[in-house]
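Participant: model the structure of this input:
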Amino acid sequence: QVQLVESGGGLVQAGGSLRLSCAASGRTFSRYAMGWFRQAPGKEREFVAAISWSGTTTNYADSVKGRFTISRDNRKNTVYLQMNSLKPEDTAVYYCAAPDTSYYLGASRNRYDAWGQGTQVTVSS
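Facilitator: Residues are numbered from 1 along each chain as shown. A predicted model of the protein is given here:
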């Protein structure tokens with residue numbers, strides 16, 4: 001079983017930046033893809049980005065392409081989400097997630113079987 005702990009959320013003005021971190025333990029982190037999701041109040045949890053175990057392949061939701069960057073450091077068992085040009089509509093709780101298979105980079109929530117507790121990101125206008 002893998003444990004995931006997110007950090008780095010906060011309050012930022014529109015146009016600003018934040019970097020989220022997710023520290024993993026318990027599973028062979030370096031052999032698994034990882035993903036980020038978010039959930040705004042009253043909305044479904046939605047896919048944001050995913051990264052392959054090697055870091056060479058990434059997948060992004062259209063809404064964040066060109067603004068967010070997912071990366072990882074396998075020596076530190078940590079995955080990151082750099083968020084630039086933030087918009088009020090990016091306000092949500094952001095979750096780190098691990099897929100049920102090592103290679104999955106897709107957007108289906110059902111394919112992720114480990115989740116962190118979430119970190120709040122609030123973007124003011």
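
Participant: and residue 89, that's in a strand?
Facilitator: No. Counting by DSSP: H, G, I helix; E, B strand; the rest coil, one finds residue 89 to be helix, located in no strand.

Participant: list the contacts for residue 27?
Facilitator: Going by Cβ atoms under 8 Å, 6 or more residues apart in numbering, residue 27 touches 1-2, 98, 114. For the C-beta atoms, the positions are set from N, CA and C on the backbone; glycine is no exception.

Participant: residue 5 now?
Facilitator: 22-23, 116-117.

Participant: list buried residues within the contacts of residue 27.
Facilitator: With burial judged by 16 or more other Cβ atoms under 10 Å, the buried subset of those is 2, 98, 114.

Participant: would you list these in JSON lines and tack on secondary structure, distance to residue 36 and pLDDT?
Facilitator: Listed next are the buried ones among the contacts of residue 27 as JSON lines, based on DSSP: H, G, I helix; E, B strand; the rest coil; distance: Cβ to Cβ, whole Å; pLDDT from 0 to 100:
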{"residue": "2", "secondary structure": "coil", "distance to residue 36": "15", "pLDDT": "89"}
{"residue": "98", "secondary structure": "strand", "distance to residue 36": "11", "pLDDT": "95"}
{"residue": "114", "secondary structure": "strand", "distance to residue 36": "13", "pLDDT": "95"}
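
Participant: okay, those residues in TSV with distance to residue 71 next?
Facilitator: Output for those, formatted as TSV (distance: Cβ to Cβ, whole Å):
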residue	distance to residue 71
2	19
98	16
114	19
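
Participant: and which of these is nearest to residue 90?
Facilitator: residue 98 (22.6 Å; Cβ to Cβ).

Participant: which residue is the nearest non-sequential neighbour of that closest one?
Facilitator: residue 114 (4.1 Å; Cβ to Cβ, 6 or more residues apart in numbering).

Participant: then residue 104?
Facilitator: residue 111 (5.2 Å).

Participant: check residue 4 too.
Facilitator: Spatial nearest neighbour of residue 4, excluding adjacent residues (Cβ to Cβ, 6+ apart): residue 116 at 3.7 Å.

Participant: that's all I had, so thanks and see you.
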